[in-house]
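[1] this is a predicted model, with the sequence first.
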Amino acid sequence: MAPGGLTSTEAAERLRRDGPNLLPEPRRASSLRLLAAQLTHLLAVLLWVASGLALLAGMPELAAAILVIIVLNGGFAFWQEHRADRSAQRLRALLPSDTRVVRDGRTVVVQAAGLVVGDVVLLEAGDRVAADLSVVSARSLGMDESMVTGESGSVPRHEGDRLLGGSFVVQGDATCLVAATGTSTTLAGIADLAASAERPPSPLTRQLDRVVRVLAVIATGTGVGLGAVALGLGLTATEAFLFGVGVAVALVPEGMLPTVTLSLARGAQSMAARQALVRRLDAVETLGATTFICTDKTGTLTQNRMNVVEVVTPVGSVTVEGNGYEPVATAVGPRAALDRSRQAALAAVACVTGRVVERTGEHEGWQALGDPMEAALHCFALRLGAEVPDHDDTQRRPYSSDRMLTSALDRHGEVSVLGAPESVLRRCSGSSEGAGLEQQLDRLTTSGRRVLAVARRTWTGEPSAEMEAGLELLGLVALEDPPRPDVRDALAACREAGIRVAMISGDHPRTAEAIARQVGLLGEGGLVVTGDQLPADDAELAALLDRDDGVVVARVSPADKFRIASSLRGRGHVVAMTGDGVNDAPALREADVGIAMGASGSDVAREAADLVLLDDHFATIVAAIELGRATFRNIRRFLTYHLTDNVAELAPFAVWALSGGNYPLAISVLQVLALDIGTDLLPALALGAEPPRDGIMHGSSRRRLVDRSLLVRALAVLGLTEAVLALGVCTIVLTSGGWTWGETPSAELLAVASGSTFAAIAVAQMANAFACRSAVVPAWRMPLLGNRLVLAAVAAELVLLVVFLGVPSLADLLGGSWPAPLGWLAAGAGAAVLVLVDGAAKRARAKHRLR
């Protein structure tokens, strides 16, 4: 390529031929398709059928009411997920908007989208690479490729090397040629892999589908059976059909759909308040079911802030304690060692370009500019009170993998060398100094700290390899990336909750292992393995990683992370995968819950994730899991509440049918629907807002939404009690009015009895709302103000009950009338009985568990 770069004409022609330098547009479903998905899932389909049957049965008001529920619920769920999805659409943010290129012999600034193959690109520290480039010439070039490769730290690049689009220049400068643009870049390939991963259905979706299928079968079977009984009792075929349809519609849980959606939405809002943005509502519950977390290291478990913590010199050691990048710290050691450490710090800073700077405004404070390790060396020099000179005239020999060091020559002839201890020590004159530090070097490296050796000499000629020999050792500098202060407690909470954790990192295994042990992730029997050591068989891979004492998988590729998530899911785990780089996106989509970093992560990762941590803290994941478990328990609470009601509503129809009509039908189909949609909906929603209880993170999470304990409690305890109470109230009112078995009561008496039955079920459900707040604690021992929404919902239910029975036209439509005083008294007594029976059942279960 000519020094003058492409001509404008050549660039325009190549742009027309290859297209703009843009990442492929992610395949997004249209808004209409997303809305349609919220209106056509299994529970919504069941309600659509119920609405059609209601219309067929001559109940247009009911049909319209069900339609309103479907549309409002679908619209609300769509709006929640659409808003979260659009807030995370920043896929192209990894590419800069402007890039310096040489065209027509001049340096010009062009938009990144206008780059073409063959363009000459000029890079300097702080630039983000806009396409895949080939290095023509470079000076002390260091790249941060962690967003693409997953490996943290500065990577040296030289002439002939390839630079990946999306990476950063952390030091030096370079002249490069564009090798690939747009869809041909490495970044585009990773984005395609992320988009191709299909998102698995959540555990909640699968279990709700199962519940809906069972309820649909029960409703249909009951409707058909009672329709046949009605036909046998003398109703015409048309009347029996419409009666059966009405019963089936009444048994469809119309209130379940909005209750589930609003409970998940409230959980999402609670998580947002804890710095976790939910992009898919069902991910709220899935988090609560998590059994395995695969987490990155840098920035999630650690602060991504390198710090010099110790310097070992030939004349003594110095320990350093400081906070972040603030150049204020405590350095302890002999005076001679402090002086030598100061000299080592100045020599190290001469070899690097990273710095710490003090910023003002929204992100005020001391922050790293460039590579975090190099910034830590600069901060270390400032902490020791050293006057750091301007190194603009310093001539550097950049780091290379064969030398494993970098050197700098200043205008005074002072040579500074910084590099791997094994490389620097053998170049030092005076073998006694180097040999005397071997034991200290072993101590530092086995503790997992990153160790650099610093040396110096004088030189009178031009920079060359010879100036890196015959050195005087200044010291060994030990750095560490401090773990986040709350990580150890968060990992302990995971263990207590039965959640297994693995560190999945692109870093060196020794570094990753040290951090894992430091934060308590890796126990005595923990496993450390690299990506190339993973078994080829997915079942063997899952068995290898599935252990209590923690796992570290280092040097992983994007395909490795994808396989890890897939294999663990195949073993039965609910997998949460964290990530911040572009390379994490495919695995985030494959996992049950993909968790991206919001502060330091890439937008490609955020695009693929279900949950975005706004503060990047691992502890926020644990807080979100706690809220997810609380949401799951709340869904079980209002399912118990709904199923109890269904038993009480079905009992009058069953008694009427089994008695052959000798016992009058105590409640109408419309009254059942008034209970489901009118009085019961608000308490169920309030139960969905029950706050988390202490101990919710003790032990593994309950995996089944509807299990034997829930069914026994809802059907055999609460439901049966409520059914007996409702029929008892009806019988008391009927017999007090002179009715005897087998007789047909007068229309007035039947209306009063029906209204009393309706009131008994509604009042019992008010008591049931308090009973369902806990599966183990009696209602009278629960704090009354612990969930104020339940109090408000019960008050609203009472008002609706009065309206349904007290407004004559509405009461006539539903088929009942205002209860007699005896009916009200019996209904109130029944509510007290329900609470006592529930308390006795809870006590019996507690004694059984203690045996």
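    Okay, I see it. Numbering: from 1, shown residues only.

[2] shaky segments in the stretch 751-851 of the chain?
    Within the stretch 751-851 of the chain, the segments meeting pLDDT under 70 span 849-851.

[3] so the closest residue in space to residue 233 that isn't next to it in sequence, which of the three states?
    Leaving aside its sequence neighbours, residue 233 sits nearest to residue 661 (C-beta to C-beta, 6 or more residues apart in numbering; 4.7 Å). For the C-beta atoms, the positions are set from N, CA and C on the backbone; glycine is no exception. Secondary structure for residue 661, judged by DSSP: H, G, I helix; E, B strand; the rest coil, is coil.

[4] any idea how far residue 661 is from residue 240?
    Distance, residue 661 to residue 240, by C-beta to C-beta, to the nearest Å: 13 Å.

[5] then residue 513?
    Taking C-beta to C-beta as the measure, residue 513 falls 73 Å from residue 240.

[6] also residue 752?
    Distance from residue 752 to residue 240, by C-beta to C-beta: 27 Å.

[7] quick one, which of these two is more surrounded?
    Counted by other C-beta atoms under 10 Å, residue 752 and residue 240 do not tie: residue 752 has more neighbours, with 24 against 19.

[8] and the more buried one, what element?
    Following DSSP states H and E, one finds residue 752 within helix 747-771.

[9] cool, and residue 521?
    Assigned by DSSP H and E, residue 521 falls outside every helix and strand.

[10] find the nearest non-adjacent residue to it, please.
    Distances taken as C-beta to C-beta, 6+ apart place residue 550 nearest to residue 521, at 4.7 Å, with adjacent residues excluded.

[11] could you double-check that that neighbour sits in contact with residue 524?
    No. Contact criterion C-beta atoms under 8 Å: residue 550 and residue 524 do not qualify, at 9.8 Å.

[12] looking at the two, which is more packed in?
    Neighbours per residue (other C-beta under 10 Å) separate residue 550 from residue 524, with residue 550 holding more: 24 against 7.

[13] now do the same contact list for that one.
    Contact partners of residue 550, counting by C-beta atoms under 8 Å, 6 or more residues apart in numbering, are 500-503, 516, 521-523, 526-527.

[14] can I have the buried ones of those residues as a PyMOL selection?
    Here is the PyMOL command that selects only those of these that count as buried (16 or more other C-beta atoms under 10 Å):
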select buried, resi 500+501+502+503+516+521+522+526+527
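
[15] strands - which of the contacts of residue 550 land there?
    500-503, 527 (DSSP state E).

[16] among the residues you listed, which one lies nearest to residue 470?
    residue 503 (42.1 Å; C-beta to C-beta).

[17] starting at the chain centroid, how far to the lengthiest helix in the chain?
    When the chain is parsed with DSSP state H, its longest helix is helix 618-658. From the chain centre to the centre of helix 618-658 is a distance of 24 Å (C-alpha atoms, centre = their mean, to the nearest Å).

[18] check which element follows it along the chain.
    With elements assigned by DSSP H and E, the helix or strand that comes after helix 618-658 is helix 669-673.

[19] mind saving the C-alpha coords of that next one as PDB?
    What follows is helix 669-673 as a C-alpha-only set of coordinates in PDB (Å, rounded to 0.1, in the frame of the first residue of the first chain):
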ATOM      1  CA  VAL A 669     -72.200 -19.700  37.000                       C
ATOM      2  CA  LEU A 670     -72.100 -15.900  36.900                       C
ATOM      3  CA  GLN A 671     -71.600 -15.800  40.700                       C
ATOM      4  CA  VAL A 672     -68.500 -18.100  40.200                       C
ATOM      5  CA  LEU A 673     -67.200 -15.700  37.600                       C
END
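
[20] next, the buried residues of that helix.
    Buried residues in helix 669-673, counted by 16+ other C-beta under 10 Å: 669-673.

[21] closest to residue 846 out of those residues?
    Nearest to residue 846 out of those is residue 672 (C-beta to C-beta; 34.1 Å).

[22] I'd assumed residue 647 was in contact with the closest one.
    No. The pair residue 672 / residue 647 is not scored as a contact, 11.9 Å apart, by C-beta under 8 Å.

[23] elements contacting the helix or strand containing residue 830?
    In the assignment (DSSP H and E), residue 830 maps to helix 821-850. With contacts taken as 3 or more C-beta pairs under 8 Å, 6 or more residues apart in numbering; DSSP states H and E, helix 821-850 sits against helix 720-736, helix 747-771.

[24] dump the ones you listed into TSV; add distance to residue 474 as well.
    Putting the helices and strands packed on helix 821-850 into TSV (distance: least, C-beta to C-beta, whole Å) gives the following:
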stretch	distance to residue 474
helix 720-736	82
helix 747-771	73
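
[25] for residue 183, which of the ones you listed is the nearest?
    Going by C-beta to C-beta, the one of the helices and strands packed on helix 821-850 nearest residue 183 is helix 747-771, 56.5 Å.

[26] please identify the buried residues of the helix or strand following the closest one?
    Downstream of helix 747-771, the first helix or strand assigned by DSSP H and E is helix 788-806. Of the residues in helix 788-806, those buried by neighbour count under the rule 16+ other C-beta under 10 Å are 789-790, 793-794, 796-797, 800-801, 804-805.

[27] could I get the residues you listed as CSV with distance to residue 37?
    Output for the buried residues of helix 788-806, formatted as CSV (distance: C-beta to C-beta, whole Å):
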residue, distance to residue 37
789, 29
790, 32
793, 30
794, 35
796, 32
797, 33
800, 33
801, 37
804, 35
805, 40
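
[28] closest to residue 405 among these?
    Nearest to residue 405 among those is residue 789, at 65.1 Å by C-beta to C-beta.
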